[in-house]
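Engineer: Here is a sequence with its predicted model. Questions after.
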Amino acid sequence: MSVHLRLVDVSKRFGPVVAVDRVSVAIEEGHFFTLLGPSGCGKTTLLRIVAGFYRPDTGHVFLRERRITDLPPQARGTAMVFQEYALFPHMTVEENVGYGLRMRRVEPAQARRRIARVLELVGLAGLESKYPHELSGGQQQRVALARALVVEPEVLLLDEPLSNLDAKLRLRVREELRDLQRRLGQTTVYVTHDQEEALALSDRIAVMDGGRVLQVGTPEEIYFRPRSRFVAEFVGLANLLEGEVVAPGRVRTACGELLVEGCEVSGRVLLMVRPEAIRLQTRPFGSNVLRGRLRTRTFLGATVRCTVEVNGMPWVVDVPADGGQLPEEVFLEIPPGRVQVIPENGR
Amino acid sequence: MTALARWELRRQFKDPGVMAAFVAGAAVLALFVLYPTLRVLTYPSLRDYLEVPQSVRWVQAARNSLLMAVLSTLSATAVGVAFALAITRPDIPGRRVFQTVALLPLFAPPFMVAFSYILLFGRQGLLTRTLLGLDVNIFGLHGLWLVQTVAFFPLAMLVVAGVLEGINPSLEQAARNLGASEWDVFRTVTAALARPGIAGAALVVAISVLADFGNAVVIAGGAPLLATEAWFRMEGMADLRGASLVVAMLMIPTTALFCAERYGVGRRRYTTVTGKGSRIERPPTYPALRWIVFSICAVTTILVVLVYLGVIAGAFTAVWGRDWRLTLDHWHLARDRLQSLWASLRVGVGAGVVTACTGVFLAFLTSRASSLRWMLDFLAVLPGALPGVFVGVGFVLAFNRPPLELVGTPWILVLALAFWHLPMGYQASVARLKQIERSIEEAALNLGADGLLVLRDIYLPLLRRAFVEAFTVSFVRAVTNVSIAVFLVSPGNVVATFAILNMIGNGIWGGAAALTTMLLVLTFLTLGVARATVGRVVRAVPVS
């Protein structure tokens, strides 16, 4: 696969605020690429730099190795779905979707065919003559998507497109979106602060904070092998504890000594264990077992989330809900292979 | 009346307090809005109406009025749109200056633009004759066109700016993103979305142009216009029948425009806010557009500043056009002139208090009573459709005989102005009351405030603002009014604007300029005090 969109050393300041700080990423053709981060991390700014709404202060944007940094938004072929959809309120669904084609001087008969096809694709056939305010939130969202897709963009840009939908609809549209993107093989850049959305949708994820990209990887890599405290904490729940490598594969922590598979660094490290990786036992059994006190239990349906205090440190543990009770004294079994070592101890 | 409405009426009227208030409100509106209106319309006989087309002068006046309505509306709206663009786009140079300057004409007495331009651009004009050595005759419809453009563009600006501010910048970004060029973006999105707002602005301007008496009487020269013709009939010929005919003719287009604005265009505005979302910074304005907008605004700004400078210069110049020495002579105001200023102040305070009290009271009533409220609402906004000269003639006809013989007393002017301004006071209060959602009241109750505390903590602070706004707007417009004052002043209580108009007519320019400057000081002092009390009130001013 070839690189479709490449950002090289892109920075953008707004006054004293550094919104995007020397970001370089490469996005492969046909990939669903997500920029994930908390609000204010610069992800939307980065997306708008790709769209051409902002010019970066430094660095460049390449589309198929062609530099487009200086091209105006009109000339880029990067269609965007806005967070608030930005549907033209004075145009019907058909006119909204056809707008990009009209601007490209596509011949009317052909434009009509393309509009019909894309409306069929997003399941809006029959609503051509409705105005945006006559549609539900989910339908408006599809119009926005259709309007971007119909121009057959090089890269599709999505700015938190699901955030205005209610929870149930969001799940459904999310799946449809993923399915559609796969079928069309459409290179897509997606912005979200919702880690679950990012994990579910993406081929690759770039986690951002403070204007910088902290880590790029597949959802599995991001979730299981975070390379910084921020990524570990932002994506999913994480039990983090600091420690010192005393021997290869052995780390001393405030909760005792732990066996850690594949620990090849030395000195101070940060360890991460996901809540679902830990086994909760009523008796000490096996290796790598910590004794603790059960503090809280929260029933979540399929699982029960427990907080267990070990040597004054709270651990979050997810166990399958089986309706049974747990004693106050419990034991945490931590499989050495499920402990992730984060070398960088700072962030 | 349907059975349901009857039932509703009975239910409401079981509460004697509500019933008494409702009857009182309806009676006041019937007496001071409906009755004068009907008096004007029924004063001429049917034959009088039918003979109108045979009067050459009236046909000419109607034609001139309509011509001015078209020309001045087009130009004032165009300039207003340019200003609206300038103040809503951060990259237009000088936008803060434009923003301030554009509001100045709103506070000037209605004849001031015309008067100042005579001083600057007329036969004796400082710029035309003294500096450029030209012999320009500014009197006539062309002069009026220029004057009305400068006087009324702020109305268009305020309406259009409101609409432009409401356009979500992401829409423009979306268009760009879909391949629209800058010109396409402006044409297919910005302008298309603003179109209903611009139409509404044009209607508001057209009403003001048609009803414009002050500028027309000063600068139109010999050209007959409907608004001034009514006064000539009354003053020159004591022809009440003719005067009422003319203002009735004028009422037809203004009412039609008013209804079109209120019930047609006004409702077609697009709300472009769709859900939440971050506001994107507006992209740079299309360079050609930027410079066109800047040029229009810059030229107009100079013209507006000149309005004020011209009058102030006139107040300090010995003999305009001949002796340019500076002097304070015009400021030795004769006793009768000072009296006229006092009379203006009294009338202004009276009108302000009556407008504010009635407006708040009626707004409260229509927010509570559910049936029949349309009737009160209609009567409370109706004066907005009536030209000042119509109200002037109406009050003369309605209150020149017992049992309510008010002609000759200062009260008639106070009441006429107060009820002419009522729509502004009423609508300001309605807007404030709408802010008080039921849930806010419920929240206060829920948090332990009882009925009286709700009134004190929720309603009074919000209505205080409405009251001050209504008072200020009514006051400012009352002390600067001429269109009604000319019909209702009596020798004992001449107001300043009437005195100024007479001085201009008699060529006493220095005195007129000095007294106008005094009026301006009074106006801006009042606005300053109001602003210190409740913050900006400017936005409440232009609802005509």
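Structural biologist: Looks like it arrived, so ask away.
Engineer: C-alpha from now on. contacts and neighbour counts both.
Structural biologist: Noted.
Engineer: residue boundaries of the strands in chain B?
Structural biologist: Using DSSP state E, the strands of chain B run over residues B:317-319, B:323-326.
Engineer: Pick the most deeply packed of those strands.
Structural biologist: For the strands of chain B, average neighbour numbers computed from mean count of other CA atoms under 10 Å in any protein chain shown are highest in strand B:317-319, which has a mean of 19.
Engineer: As a markdown table, the strands of chain B with mean pLDDT and distance to A:Pro56 would be great.
Structural biologist: Formatted as a markdown table, the strands of chain B follow (pLDDT from 0 to 100; distance: least, CA to CA, whole Å):
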| stretch | mean pLDDT | distance to A:Pro56 |
| --- | --- | --- |
| strand B:317-319 | 80 | 58 |
| strand B:323-326 | 80 | 59 |
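Engineer: any chance of those in TSV, with distance to A:Phe62 too?
Structural biologist: Below are the strands of chain B laid out as TSV (distance: least, CA to CA, whole Å):
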stretch	distance to A:Phe62
strand B:317-319	69
strand B:323-326	69
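Engineer: for those, which one sits closest to B:Trp509?
Structural biologist: Across these, B:Trp509 has its closest neighbour in strand B:317-319 (8.3 Å, CA to CA).
Engineer: What strands line up against the closest one, and which way round?
Structural biologist: Take DSSP bridges as the rule and strand B:317-319 pairs in its sheet with strand B:323-326 (antiparallel).
Engineer: contacts for the strand it pairs with?
Structural biologist: B:316-319 (CA atoms under 8 Å, 6 or more residues apart in numbering or on different chains).
Engineer: Give me the distance from stretch B:402-415 to the chain's centre.
Structural biologist: 24 Å (CA atoms, centre = their mean, to the nearest Å).
Engineer: nope, stretch B:81-94 is what I meant
Structural biologist: When distances are taken as CA atoms, centre = their mean, stretch B:81-94 is centred 23 Å away from the chain's centroid.
Engineer: Let's verify the residue of the stretch 151-300 of chain A at minimum distance from chain B: helix, strand, or coil?
Structural biologist: Closest to chain B within the stretch 151-300 of chain A is A:Asn164: 6.9 Å, counting by CA to the nearest CA. With DSSP: H, G, I helix; E, B strand; the rest coil as the basis, A:Asn164 sits in coil.
Engineer: Give me the three-state assignment for A:Val319.
Structural biologist: Look at A:Val319: counting by three-state DSSP, its state is strand.
Engineer: just to revisit the earlier point, closest one of the contacts of strand B:323-326 to chain A?
Structural biologist: Distance to chain A across these (CA to the nearest CA) is lowest for B:Phe316, with 48.6 Å.
Engineer: Would you agree the closest one is in contact with B:Leu328?
Structural biologist: Yes - under the criterion of CA atoms under 8 Å, B:Phe316 makes contact with B:Leu328 at 5.9 Å.
Engineer: where exactly do the helices run in the stretch 301-450 of chain B?
Structural biologist: Per DSSP state H, counting those that start in this stretch, the stretch 301-450 of chain B carries helices over the ranges B:335-368, B:373-381, B:388-398, B:410-420, B:422-435, B:438-446.
Engineer: So for A:Pro327, which of the ones you listed sits nearest?
Structural biologist: When the helices of the stretch 301-450 of chain B are compared by CA to CA, helix B:438-446 sits nearest A:Pro327, at 43.5 Å.
Engineer: what is the mean pLDDT for that closest one?
Structural biologist: Averaged across helix B:438-446, pLDDT comes to 65.
Engineer: cool, and stretch B:242-258?
Structural biologist: For stretch B:242-258, the mean per-residue pLDDT is 89.
Engineer: Buried ones in it, by neighbour count?
Structural biologist: Using 16 or more other CA atoms under 10 Å in any protein chain shown as the test for burial, stretch B:242-258 gives B:242-251, B:253-255, B:257-258.
Engineer: Run through the residues of the stretch 1-150 of chain A sitting next to chain B.
Structural biologist: Counting by CA under 8 Å from any CA of the partner chain, the positions of the stretch 1-150 of chain A adjacent to chain B are A:51, A:53, A:73-75, A:77-80, A:82-90, A:99-100, A:103-104, A:148.
Engineer: And the residues you listed, which of them are buried?
Structural biologist: Neighbour-count burial (16+ other CA under 10 Å) is assigned, among the residues of the stretch 1-150 of chain A next to chain B, to A:51, A:53, A:73-75, A:77-80, A:82-90, A:99-100, A:103, A:148.
Engineer: Those in strands, which ones?
Structural biologist: Within those, residues falling in strands by DSSP E are A:78-80.
Engineer: shaky segments in chain A?
Structural biologist: Low-confidence segments of chain A (pLDDT under 70): A:1, A:344-347.
Engineer: in it, which residue is closest to the centre?
Structural biologist: Nearest to the mean C-alpha position of chain A, counting by CA atoms, centre = their mean, stands A:Ala198 at 2.8 Å.
Engineer: quick check, that one in a strand?
Structural biologist: No - counting by three-state DSSP, A:Ala198 is not found in a strand; it is helix.
Engineer: now for stretch A:254-264, what's the gap between its first and last residues?
Structural biologist: Distance across stretch A:254-264, first residue to last, is 20 Å (CA to CA, to the nearest Å).
Engineer: hang on, the earlier thing: can you tell me, leaving aside adjacent residues, what's nearest to the residue nearest to the centre of chain A?
Structural biologist: Leaving aside its sequence neighbours, A:Ala198 sits nearest to A:Thr34 (CA to CA, 6 or more residues apart in numbering or on different chains; 6.2 Å).
Engineer: do the same with B:Thr301
Structural biologist: Distances taken as CA to CA, 6+ apart put B:Val101 closest to B:Thr301, at 6.3 Å, once the chain neighbours are dropped.
Engineer: Next up, the contacts around the nearest residue to B:Arg96 once chain neighbours are set aside.
Structural biologist: Nearest residue to B:Arg96, sequence neighbours excluded (CA to CA, 6+ apart): B:Ile87, at 7.1 Å. By CA under 8 Å, 6+ apart, the contact list for B:Ile87 reads B:95-96, B:98-99, B:161.
Engineer: Kindly recompute the last result at 10 Å.
Structural biologist: Applying CA atoms under 10 Å, 6 or more residues apart in numbering or on different chains to B:Ile87 gives the contacts B:81, B:93-100, B:102, B:157, B:161, B:164-165.
Engineer: how about B:Phe399, phi and psi?
Structural biologist: Main-chain dihedrals, B:Phe399, degrees, to the nearest 10: phi -120, psi 30.
Engineer: Just list the residues touching it, thanks.
Structural biologist: With contact set as CA under 10 Å, 6+ apart, B:Phe399 has these partners: B:32, B:35-36, B:39, B:405-408, B:412.
Engineer: now the residue in the stretch 101-250 of chain A positioned nearest to chain B: how far from A:Val151?
Structural biologist: Taking CA to the nearest CA, chain B has its nearest neighbour within the stretch 101-250 of chain A at A:Met103, 5.4 Å off. To A:Val151, A:Met103 is 10 Å away according to CA to CA.
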